[in-house]
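1. Take a look and give me a structure for this.
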Amino acid sequence: MSAITVSLLTVASSFSNSSNLSLCNFNRLLSTSLNRTKLHRSTHIFQLSNGFFSPPQASTTDNNDSITNITTTSSSSTVTVQTDDALDSTLFIIQARNKIGLLQVITRVFKVLGLVVERATVEFEGDSFIEKFYVTNSDGKKIENVENLENIKKALKEAIEPGDASGGAEVGLRGRGVVVRNAGLGLESFGDRRAKAENMFRLMDGFLKNDPVSLQKDIIYHVEYTVARSRFSFDDFEAYQALSHSVRDRLIERWHDTHHYFKKKDPKRLYFLSLEFLMGRSLSNSVINLGIRDQYADALSQLGFEFEVLAEQEGDAALGNGGLARLSACQMDSLATLDYPAWGYGLRYQYGLFRQIIVDGFQHEQPDYWLNFGNPWEIERVQVSYAVKFYGTVEEEVSNGVNYKVWIPGETVEAVAYDNPIPGYGTRNAINIRLWAAKPSGQNDLESYTTGDYVSAVVNRQNAETISNVLYPDDRSYQGKELRLKQQYFFVSASIQDIIRRFKDAHDNFDEFSEKIALQINDTHPSLAIAEVMRVLIDEERMGWDKAWDIVCKIFSFTTHTVQPEGLEKIPVDLMCSLLPRHLQIIYDINYKFMEELKKKFGQDYSRHARMSIVEEGAVKSIRMANLSIVCCHKVNGVSRVHFELLKTRVFKDFYDLWPQKFQYKTNGVTQRRWIVVSNPSLCSVISKWLGTEAWVRNIDLLTGLRDYASDADLQQEWRTVKKINKMRLAEYIETLSGVKVSLDAMFDVQIKRIHEYKRQLLNILGIIHRYDCIKNMNEGDRRKVVPRVCIIGGKAAPGYEIAKKIIKLCHAVAEKVNNDPDVGDFLKLIFIPDYNVSVAELVIPGSDLSQHLSTAGHEASGTGSMKFLMNGCLLLATADGSTVEIIEEIGADNMFMFGAKLNEVPAVRDQGASVRAPLQFVRVVRMVRDGYFGFEDYFESLCDTVEDGKDFYLLGSDFASYLEAQAAADMTFVNQEKWTRMSILSTAASGRFSSDRTIEEYAKQTWGIEPCKCPF
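-> Here you go, the predicted model:
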């Protein structure tokens, strides 16, 4: 036995009751109070960096006070309390299995409870230790209240509850993949084990500090040793890189603790499969969720930097496109914040979608080199690598008298993992998104180099890396279709191998697989996971079909974002036969059994069979991925109530008739932490002030309390001030971008989203032309009554979508005419924002007065853009489509500007076709475009053809009069600023229902069957 005495960091707190600790108070509790004095930057850095660095670490010191040895033979964890009169403090004696990091967990419990550890001793005996903590309350007195002592003991027992036994053996996993060495003591001698444990305790006791001086030291350390720049000469970008690595260090602490706790508790885990995660920037979101944003701002200020300036150095992670990708990112934030045990899986795209460049008003696409300067937020896991197979043949082999299929691949690619920690807000939990990058198989490279075929080796590398190069390769050619299918299976195969490996680490068989695993398919892109799990269970684990099928049907759930049957994904059979021959066999077997089930249920209804079959017969025989997903998943989710009705009555009617219990809907949501706290800090402060709490950041339903103050003159004034500040930021951005100066008194009218005919940006532009035409024909007196507008449009068109590209060109042509017309002046401006992304949205949305959501009813599954604007107090001008119907229920139609045909009216209007006469205003503005008023007469001809002569599928003409009426109502309301501001406040107050926190809680309870697993502090 040996003993050491550790002098621990003492933190006194005025908060004696842990239930009163807010997130902000907790962070203050963990920080050292400092006198902040302004120092010259170079002088201050010199003071911080005088001498060479030791790596940032928690501060611990040792002393040599002797203590009496205590001998115990108990192997279980115990907590004993002594309050002898002879003691001037309360003595906690803790006996537990020796485990690295446990000391810091125990001391953290005391600190969070507002207690002071005066001193502590640690004694080692074999694999166990005994710790003695001499503790007082915040007043320096010992704790004697019996109830309080029991609560402290309960918290300590929860913290030290033994987890996984760790031996010293190396565990090799079947097949390629991860080799894990457990954190044990192996075959070392007892003396070596004891010395290692004592040393680890000294090194690892405590977390990184969050006071400004410690943060400054960490930043300067990373400047010199991570960024490799001189501590005396580094620019904003290098400061950003050092800052990011400093924040990541703190993320990793929580990340490790969280996943260790998950491993210990072994809860049912969610695995979220999505080909897209549109994360945006990570710095601001991370420091806010960690609760250390103000501390970092203070630290940087004393170094001569501004946090906001450094945050602007970060580029957007190009890992997605549009609402589905941003939805996935919001849901991961909510999963972390709500403490659910979850992993996200996706692809690490080298170039993402594309970078939109506007030249003479025309869209051009360039690769988005977002990784050129590295990504400080990701952790490359070179040791986490899986072989992914393609092509080849399927053979049979006999084992124990049973025939099994064996897939002999023709090509193998390696999937290498990159981890991205996602911190929760107000919690210690930090979960993970694991992204896969494609690398060439080492065996292929070795063979090429051995034979001297270096060119072949280079080609192999290029072919492999192409798989994860670009998001959604153009699939108009066979090669494009093949690459997209490769991309999907590469992502699925690596993820499933990783999931099964992690399960097998903790379980000896698959009996509990469906009780421990929930797999969420985000749209049909990951649907091949169904066939892949079946293949692994049947071919590699040698499980019977019925048992494997039962597992698959229990673990998978499916969310679809499609509203039109013709938009559902199909894969040509010939392509799948070539690329994934074994999976095609499995899908055929699934379909055969399903068809037999349909025959028993509906008899020889061949028309129904053909509609519901996974395999579509026709000129091009195809696999219907949505049908595969519905057949195999236990739940099928829509993303709004309107979408749910479309799924039941139009998209999947036959399946709903067969399995109505499978179908549900969870209205999409967005995270208030990104879309208010990060993007609109001024509004965040006003909300917290008037609600008297910051708790709404985690419990957004509290926003309804703003309704009580919606008419309060003081709140309205503060609300308008915040809006004006945000409009100033947006106006500066517009001027820098386009050279156009805009009036802050104008209504900022915004439509930012992917360019598509059904989203009807063309309707918006035609409305702007009408407004311009009216202003031009007014006399001076009438013009003075016009409500000034700054119309802002942004979004990307798919590279092969010619009509969408022409809409972008028309926008620029109209802007060129309007913005340079002296008769119009500040009454009307039109701005197109290029390369729209999450960071641009964080600037545009807070500065918007009016937001347009113009999709033809029945074409938008949900529409999360409207929710982001709603949270920021922006009024909506919209059709009754997607989630807008539910927004109306929350805030009332009187607080919105609605127009257009309803969902049940659209079919009848379309049936009338050319017989419906468009209003004269519509005919006039289309004629202006067709006749070349804005130039490019021939180029816009085909665009005009889409809305005339009975070809107006998206009903721009029939909705135009209603649209102008809604615009006029918005003008009238904007003049009355008191009414407008009240409506704005009520919009924010009603936005709680559209938080992704609510969406995730519904999924967790109704679909995934998972419970929170909160990592203790």
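2. mind listing the helices for the stretch 351-500 of the chain?
-> 442-450, 454-466, 478-506 (DSSP state H, counting those that start in this stretch).
3. and those helices as JSON lines, adding distance to Asp911 and mean pLDDT?
-> Every C-beta, even on glycine, is put in place using the N, C-alpha and C of the backbone. Output for the helices of the stretch 351-500 of the chain, formatted as JSON lines (distance: least, C-beta to C-beta, whole Å; pLDDT from 0 to 100):
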{"stretch": "helix 442-450", "distance to Asp911": "58", "mean pLDDT": "56"}
{"stretch": "helix 454-466", "distance to Asp911": "46", "mean pLDDT": "72"}
{"stretch": "helix 478-506", "distance to Asp911": "35", "mean pLDDT": "96"}
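4. So which of the ones you listed is nearest Val398?
-> Checking the helices of the stretch 351-500 of the chain against Val398 by C-beta to C-beta gives helix 478-506 as the closest, at 24.6 Å.
5. Next secondary structure after the closest one?
-> helix 513-516 (DSSP states H and E).
6. Counting by contacts, list what that following helix packs against.
-> helix 545-555 (3 or more C-beta pairs under 8 Å, 6 or more residues apart in numbering; DSSP states H and E).
7. Show me what the helix it packs on packs onto, helices and strands only.
-> helix 513-516, strand 517-522, helix 528-535.
8. Which residues are in contact with Gln967?
-> Gly767, Arg771, Leu877, Phe897 (C-beta atoms under 8 Å, 6 or more residues apart in numbering).
9. And the pLDDT at it?
-> Each residue has a pLDDT score; the one for Gln967 is 98.
10. Which of the helices or strands spans it?
-> Using DSSP H and E, Gln967 falls in helix 956-975.
11. next one: Tyr221
-> Going by DSSP H and E, Tyr221 is part of helix 212-225.
12. pLDDT (mean, whole number) over the next helix or strand after that helix?
-> The helix or strand immediately downstream of helix 212-225 is helix 236-265, counting by DSSP H and E. Mean pLDDT, computed over helix 236-265, is 96.
13. Run the chain-centre distance for helix 236-265.
-> 17 Å (C-alpha atoms, centre = their mean, to the nearest Å).
14. Quick check: buried residues in that helix?
-> 238-251, 253-255, 257-262 (16 or more other C-beta atoms under 10 Å).
15. for stretch 999-1015, same thing?
-> 999-1004, 1007-1010, 1013-1015.
16. sorry, back to before: packing partners of the helix holding Tyr221?
-> Under the contact rule (3+ C-beta pairs under 8 Å, 6+ apart), helix 212-225 is packed against helix 41-48, helix 236-265, helix 293-303.
17. which stretches of the stretch 551-700 of the chain form strands?
-> 556-559, 570-572, 615-616, 622-624, 635-638, 663-665 (DSSP state E, counting those that start in this stretch).
18. could you measure Glu541 against Pro267, distance?
-> 23 Å (C-beta to C-beta, to the nearest Å).
19. picking up where we left off before, switch the helices of the stretch 351-500 of the chain over to JSON lines; also include mean neighbour count and distance to Asp339.
-> Formatted as JSON lines, these follow (neighbours: other C-beta atoms under 10 Å; distance: least, C-beta to C-beta, whole Å):
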{"stretch": "helix 442-450", "mean neighbour count": "14", "distance to Asp339": "39"}
{"stretch": "helix 454-466", "mean neighbour count": "15", "distance to Asp339": "37"}
{"stretch": "helix 478-506", "mean neighbour count": "20", "distance to Asp339": "19"}
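20. picking up where we left off before, from the contacts of Gln967, list the buried ones, please.
-> For the contacts of Gln967, buried by 16+ other C-beta under 10 Å: Gly767, Arg771, Leu877, Phe897.
21. Now the two most distant members of the residues you listed.
-> Arg771 and Phe897 (15.0 Å).
22. if we can go back for a sec, looking at the strands of the stretch 551-700 of the chain, which one is packed in the most?
-> strand 556-559 (a mean of 25; mean count of other C-beta atoms under 10 Å).
23. what separates it from the chain centre, distance-wise?
-> 18 Å.
24. Can you list the helices and strands that that strand packs against?
-> Short answer (3+ C-beta pairs under 8 Å, 6+ apart): strand 556-559 packs on strand 517-522, helix 528-535, helix 625-632, strand 635-638.
25. Tell me which of those lies nearest to Ile496.
-> Nearest to Ile496 among those is helix 528-535 (4.9 Å), distances taken as C-beta to C-beta.
26. For that closest one, which outside residues touch it?
-> Contacts for helix 528-535 (C-beta under 8 Å, 6+ apart): 273, 407, 488-489, 492-493, 495-496, 519, 521, 548-549, 551-552, 555-556, 580, 582-583, 586-587, 590, 625, 628-629, 632-633.
27. Can you name the helix or strand that the residue nearest in space to the middle of the chain falls in?
-> The residue lying closest to the centre of the chain (C-alpha atoms, centre = their mean) is Ala329, at 1.3 Å. Ala329 belongs to helix 323-337 when assigned by DSSP H and E.
28. do the same with Ile887
-> Going by DSSP H and E, Ile887 is in helix 884-891.
29. Buried residues of that helix, list them for me.
-> Going by 16+ other C-beta under 10 Å, helix 884-891 has these buried residues: Thr884, Val885, Glu886, Ile887, Ile888, Glu890, Ile891.
30. And the furthest pair within those residues?
-> Going by C-beta to C-beta, the pair spanning the buried residues of helix 884-891 furthest: Val885 and Ile891, at 12.0 Å.
31. ok, what's across the strand from the closest residue in space to Asn764 that isn't next to it in sequence?
-> Distances taken as C-beta to C-beta, 6 or more residues apart in numbering place Gln751 nearest to Asn764, at 5.2 Å, with adjacent residues excluded. Per DSSP bridges, the residues bridged to Gln751 are Ile793.
32. How many neighbouring residues does Gln751 have?
-> Close neighbours of Gln751, defined as other C-beta atoms under 10 Å, add up to 23.
33. quick one, what contacts it?
-> Here Gln751 is in contact with Gln761, Asn764, Ile792, Ile793, Gly794, Ser851, Gln852, His853, Leu854 (C-beta under 8 Å, 6+ apart).
34. which of those residues tops the neighbour count?
-> Counting by other C-beta under 10 Å, top hit in the contacts of Gln751: Gln852 with 31 neighbours.
35. Any idea how far the helix or strand hosting that one is from the middle of the chain?
-> Using DSSP H and E, Gln852 sits within strand 850-853. With C-alpha atoms, centre = their mean as the basis, strand 850-853 stands 24 Å off its chain's centre.
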